[in-house]
Each structure stands twice: as C-alpha cells, then as structure tokens.
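Peer 1: pasting a predicted model and its sequence here:
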Amino acid sequence: MGRPWTADGFRSSWGKLSDCAGIGDLTFHDLRRTAVVRLAIAGATVPQRDVHRAYTTRADLARTTSFLIMGLVGIIIASIVNVFLASSIVQLAISVVGFIVFVGLTAYDMQRITVCQSACRPS
C-alpha cells in the first residue's frame with residue numbers, strides 16, 4: 001500500500017494541490033468546519049459532529065469517569081432541588097454542567113468503543 005501520512009507530508013501535499021487548484025488561501029481545517037456546519041444544519045447531535053470532526057485524544061479518559069459520574073449525580077440532585085426552587089439561574093447552571101458531563105461521558109464511551117474495535121480487528 002504505502003506509508004501513512006505524516007503531518008508535514010500532508011501539509012506539503014495540501015499546499016501544492018490547493019495552489020494548483022487556485023484556492024491557496026483555503027485550509028484543510030476550513031473544509032472540516034464546513035462539513036461540521038452542514039452536519040449541524042442536517043440535525044446531527046454534538047457527539048455525532050465531534051466524531052466527524054475527528055476529535056481524538058491519546059489521554060486515558062478513564063481517570064475522569066469518576067468525576068463525570070459524580071457530576072451526573074450532582075445534576076440529578078440539583079434538578080430535584082430546582083423542582084422546588086424553580087430558579088432559572090439554577091436551571092441554566094444544570095444545563096451547562098449537564099452538557100459538559102454528557103460530552104465527557106460520550107467521549108469516554110467513544111474511546112472505549114474505539115479501543116474495543118481495534119482490539120477485535122483481525123491482524
């Protein structure tokens with residue numbers, strides 16, 4: 001087949017091809033951004049868009065799982081308390097923290113799925 005792309009090799013090839021096509025000021029990141037915007041318009045969820053943006057990390061997210069679960073329990077407790085308080089500020093805080101917690105848990109699950117898939121692939 002061939003060798004895998006390196007960052008410098010890809011950057012060099014992209015620069016040559018975009019200059020040849022007359023779109024020298026267009027970066028590869030611009031294309032990724034456009035794709036994500038089109039996914040959002042089509043109704044894709046944030047975790048689905050994150051997968052298509054190819055956001056990956058080499059950090060082990062298992063360390064953060066206990067904090068995310070504690071955050072989830074905190075969201076549930078705050079939601080129950082807010083039923084009686086009916087505070088829009090608390091509701092906003094719950095929404096923001098909930099978004100962060102669920103994006104973190106989704107990233108952790110995606111990392112586990114990716115590791116599981118790569119371990120199950122035949123060599």
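Peer 2: Perfect, thanks for sending it.
Peer 1: okay, and the helix or strand of this structure with the least pLDDT?
Peer 2: Here the helix or strand of the chain ranked lowest by mean pLDDT, DSSP states H and E is helix 46-52, holding a mean of 69.
Peer 1: domains of the protein?
Peer 2: As given by automatic domain parsing, the domain ranges for the chain are 1-55, 58-123.
Peer 1: I77 and V103, how far apart?
Peer 2: Separation of I77 from V103 (CB to CB, to the nearest Å): 20 Å. In this view, the C-beta of every residue, glycine as well, is placed from N, C-alpha and C.
Peer 1: more neighbours, those two?
Peer 2: Each of I77 and V103 has its neighbours counted (other CB atoms under 10 Å); V103 has more, 14 against 10.
Peer 1: point out where this protein drops to low pLDDT.
Peer 2: Across the chain, the ranges flagged by pLDDT under 70 are 1-2, 28-29, 47, 50-59, 114-115, 117-123.
Peer 1: packing partners of the longest helix belonging to it?
Peer 2: In the chain, taking DSSP state H as the definition, the longest helix is helix 88-120. Contact here means 3 or more CB pairs under 8 Å, 6 or more residues apart in numbering; DSSP states H and E; on that basis helix 88-120 packs against helix 46-52, helix 62-85.
Peer 1: pull the residues that contact the longest one.
Peer 2: Surrounding helix 62-85, the residues in contact under the criterion CB atoms under 8 Å, 6 or more residues apart in numbering are 90-91, 93-94, 97-98, 100-101, 104-105, 108.
Peer 1: tilt between it and helix 88-120?
Peer 2: With axes from the mean of the first three to the mean of the last three CA atoms, to 10 degrees applied, the angle from helix 62-85 to helix 88-120 works out at 150 degrees.
Peer 1: tell me which residue lies farthest from the centre of the protein.
Peer 2: Most distant residue from the mean C-alpha position of the chain: F84, 34.3 Å away (CA atoms, centre = their mean).
Peer 1: one step back: return the member of the contacts of helix 62-85 nearest to P4.
Peer 2: Y108 (26.4 Å; CB to CB).
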